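> A structural model of the following input is requested.
(chains A and B)
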Amino acid sequence: MSDYAGDRSQLIPLLQKLQNAYGYLPQDVISRLSERTGIFVSQIMGVATFYSQFRLEPVGENVVKICFGTACHVIGAENIADAICRELGTTLGGTTEDRLFTVESVACLGCCSLAPVIMINEETHGRLTPDTARAVIQDFKARKAAAV
Amino acid sequence: MKKVIIGLGSCGIAAGGLKVKETLQSLADQATPGLIVGETGCMGMCYAEPMVEITDEDGHRTIYGGVDEAKARKIFEHHIIGGAPLTASVAWDSSSAGSEKDFLSNQVRLVLERCGAISPESIDDAIGMGAYEGLHKALGDMTPAAVIEEILDSGIKGRGGAGFPTGLKWKFAAGYDADQKYIICNADEGDPGAFMDRSILEGDPHSVIEGLIIGGYAIGATKGYVYARAEYPIAIRRLKIAIEQAESRGYLGKNILNSGFDFNLIIKEGAGAFVCGEETALIESIEGNRGMPRIRPPFPAERGLFDKPSNINNVETLANIGGIIRKGAAAFAEYGTDESNGTKVFALAGKVKRGGLVEIPIGMTIREVVCDIGGGTLSGKSLKAVQMGGPSGGCIPAELLDTVIDYKSLAETGAIMGSGGMIVMDEDNCMVDIARYFLQFTQSESCGKCTFCKIGTKRMLETLERITQGEGVEGDVEKLERLAHQIKNNALCGLGQTAPNPVLTTIRYFRNEYDAHIRDKKCLTSQCKALIRFGIAPNKCAGCTLCAKKCPVGAILGNAKEAHSINQDNCTKCGICRSVCKFDAVVVE
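Residues are numbered from 1 along each chain as shown, chains lettered A, B, ... in the order given. Now for the predicted structure:
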């Protein structure tokens, strides 16, 4: 972190690295970042709350991103979101009780020709229907369980 | 030996391309040792992913589409071992046959020349197809002023959407003296429904790097930035590899090609804010601040990044530069219309049969792109509108499909050229809902700096939400128009100034739908959930129980072989019952 002292333009990359390490940006990490860099907590919070990538709350082990881009919207993203939330027993933006999954909406994943699209962690799934979306989640859970 | 490559852009990977690659490679290891299954970027035919291309010993190329593991085995057996193409599955071949020939034969590929043909992680592949030749020519034979002159002559305009002449932009930036200048590539492709820049970065990253170096030389910038969306991990990874390769070959770094010109390139990952596509907001973001636009003037050409003269170009614009210098401005200007030259890449998606990445000469009509290349609507239903330019653009109705694609003609329709998103909608799409959808997007992405955008878009969204919920009142449309014009004229940046466009164009061309929502409390396309209810026609229902099984909330009641009914209190109006019913018994009331 000392490499960054005084270079304000490194704030966003720093926050990205911290979020990669912790999964989100805990309050005490932000306070320590402020002490080490000399950037006010208020300024860090300003940046952290401005960009949608940064999270101030912990997320589930796996993140399901449901694309709400234009192509996905016109083909039926809402029904996909509904099916996935029901399958996992949570709401859009929420985390399951066992903390295994967080379901988020995203503006566009850029795979519009495969709409409707979701992403589980780094894995993209396209051309979904509510049924296949549920199957994708079940399959993912089964693979996770098998890997343990 | 035959050459085998697989399209592994984001779409190809999402469609299962990696598994196909594994299958083919393991077959090859057993049967034809030495055959390496290579990879390439986006071939453009996203609708037919995963795609496999085989080049025979005589150079004949065959592309197969929709390849799964079983099909891959067949292709291997027949084509690679047997030497005979699997004719029924051929999407395209170099004698211009195949089921998908219409998709490719109407395109002109300048920017995408190497995309889908080379391995994006091989600089030798790129150089083999002309990469960095433009750079050699620029640094070896041309002064910076001559480079700018060539770009001006080509007539290329900014491909990010606004369409400002690139040469002029460079000339302004070159005109300011400073100890440090910057050139920035705007790869913050945020428009929902657009993926041109991602595909270029994933398929041919060297084209963008070459454009940046030439641009840096032209304006006198020794440092460049690529501001890329964090949502594009594959693009960022390939760009990083490409930068390392360019450094190792001496295209980046000190004294490039012995010209005395130094240039370094840094990647900055965005953090998710649509407004950062606006150039002054992007500059704020690179500096580590909230991405809020600055008041102009001063323009970035005078005082931009770190208060130094800066120039910002879009990915596609920069990807054009190497080719323009290499082949000359005249070759580029051969394509296009009197108003603008060259080609434009579009991301064709939505309810279209053949969606993908399409590059066409400017001057083609929308109909030629959507119907000839795209094959019309996926459902076969009648086409209602084409949305161009994303949240900053507008909906062009079917009766204007013969509009020529250039900056001026599109602006006359109320839409814009935009960055290249082209979303096809059929008769089932509600245009009021589309307007609400885009406004919800721009409203939530508004940075909150200027009042017109912050509050104006909020009021517009509230009005649209009321209308789609059946609570619209007479005068709402006029109120929307009034607010729209105020926001357009007074917002600080492009985001706000263009945010009302989707609303204004849908009012202009589909006023009847607004009136039906407001006066009759009816959604003509049965999309707005507050205005519809589902029912089951007892005379048509065969009691097959399929709908009851598929209903996610258990709202459908009835015994087998008896007519079913829907419990309206539980129904979420998702419409799944209607889409699964084989007897057309589910009706919208």
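> Look up how far residue A:98 lies from residue A:147.
16 Å (Cβ to Cβ, to the nearest Å). Just so you know, the C-beta spots here come from the backbone N, C-alpha and C atoms, and that holds for glycine as well.
> more neighbours, the two?
More crowded of residue A:147 and residue A:98, by other Cβ atoms under 10 Å in any protein chain shown: residue A:98, with 10 against 6.
> Helix, strand, or coil at that one?
Here residue A:98 is recorded as coil under DSSP: H, G, I helix; E, B strand; the rest coil.
> how much space between it and residue A:142?
Note on residue A:98: its distance to residue A:142, by Cβ to Cβ, is 15 Å.
> what does residue B:201 give?
Distance, residue B:201 to residue A:142, using Cβ to Cβ: 34 Å.
> ok, those two, which is more surrounded?
Per other Cβ under 10 Å, whichever of residue B:201 and residue A:142 has more neighbours is residue B:201, with 31 against 10.
> Am I right that the more buried one is in a helix?
Yes. Inclusion of residue B:201 in a helix is indicated when three-state DSSP is applied.
> quick one: which helix or strand includes residue B:439?
Assessed by DSSP states H and E, residue B:439 sits inside helix B:431-445.
> so what's residue 96 up against?
Going with chain A. By Cβ atoms under 8 Å, 6 or more residues apart in numbering or on different chains, the contact list for residue A:96 reads A:60, A:88-90, A:102.
> hmm, I had chain B in mind actually
Counting by Cβ under 8 Å, 6+ apart, residue B:96 touches residue B:105.
> Tell me if stretch B:481-497 is near chain A.
No. Counting by Cβ under 8 Å from any Cβ of the partner chain, no contacts exist between stretch B:481-497 and chain A, the nearest distance being 13.3 Å.
> Pick out the residue nearest the middle of chain B.
Against the mean C-alpha coordinate of chain B, by Cα atoms, centre = their mean, the closest residue is residue B:194 at 2.3 Å.
> longest helix in chain A, by residue count?
helix A:130-147 (DSSP state H).
> Around chain A, pick out the residues from the stretch 451-589 of chain B.
Residues of the stretch 451-589 of chain B lying near chain A (Cβ under 8 Å from any Cβ): B:550, B:552, B:572, B:574-576.
> Now compare the residues you listed and name the two farthest from each other.
Greatest spacing in those, by Cβ to Cβ: B:550 and B:572 (12.8 Å).
> Walk me through the regions of chain A where pLDDT falls short of the threshold, as ranges.
Applying pLDDT under 70 to chain A flags the ranges A:1-5.
> Quickly list the domain ranges of it.
A:2-50, A:62-147 (automatic domain parsing).
> related to what we said a few turns ago, sec struct for the residue nearest to the centre of chain B, please.
Here residue B:194 is coil, with the state taken from three-state DSSP.
> And it, how far from chain A?
7 Å (Cβ to the nearest Cβ, to the nearest Å).
> mind listing what that residue touches?
Residue B:194 makes contact with A:108, A:110, A:112, B:347, B:390, B:418-421 under the criterion Cβ under 8 Å, 6+ apart.
> Around the residue of the stretch 401-550 of chain B found nearest chain A, count how many other residues there are.
The minimum distance from the stretch 401-550 of chain B to chain A, using Cβ to the nearest Cβ, falls at residue B:423 (4.8 Å). The tally of other residues near residue B:423 (other Cβ under 10 Å) stands at 31.
> Report whether it is found in a strand, as I expect.
Yes. Counting by three-state DSSP, residue B:423 is located in a strand.
> right, and it touches residue A:108 too?
No. Assessed by Cβ atoms under 8 Å, residue B:423 is found out of contact with residue A:108, at 11.1 Å.
> joint contacts of the two?
A:70, B:193.
> Show me where the stretch 1-150 of chain B has its strands.
Ranges of strands in the stretch 1-150 of chain B, per DSSP state E, counting those that start in this stretch, are B:3-7, B:37-40, B:52-55, B:61-64, B:90-93.
> Could I get the CA-only coordinates of the fourth one as PDB?
Extracted C-alpha coordinates of strand B:61-64, given in PDB (Å, rounded to 0.1, in the frame of the first residue of the first chain):
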ATOM      1  CA  ARG B  61     -12.200 -22.400 -45.400                       C
ATOM      2  CA  THR B  62     -15.300 -23.900 -44.000                       C
ATOM      3  CA  ILE B  63     -17.200 -22.600 -41.000                       C
ATOM      4  CA  TYR B  64     -19.500 -24.700 -38.900                       C
END
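> residues contacting residue 114?
The chain I'm using is chain A. Residue A:114 makes contact with A:124, A:126-127, B:11, B:14-15, B:46, B:49, according to Cβ under 8 Å, 6+ apart.
> ah, I was thinking of chain B
For residue B:114, the contact set (Cβ under 8 Å, 6+ apart) comprises B:125-126, B:129-131, B:203-204, B:206-207.
> again, only this time at 10 Å
B:40-41, B:120, B:125-126, B:128-131, B:200, B:203-204, B:206-207, B:319, B:323 (Cβ atoms under 10 Å, 6 or more residues apart in numbering or on different chains).
> Among those residues, which are located in helices?
Going by DSSP H, the helices hold B:125-126, B:128, B:200, B:203, B:206-207, B:319, B:323 from the contacts of residue B:114.
> hang on, the earlier thing: can you mark which positions in whichever helix or strand comes after the helix holding residue B:439 are buried?
Following helix B:431-445 in sequence order, the next helix or strand is helix B:451-468 (DSSP H and E). Under the neighbour-count criterion of 16 or more other Cβ atoms under 10 Å in any protein chain shown, helix B:451-468 has B:452-454, B:456-457, B:460-461, B:463-464, B:467-468 buried.
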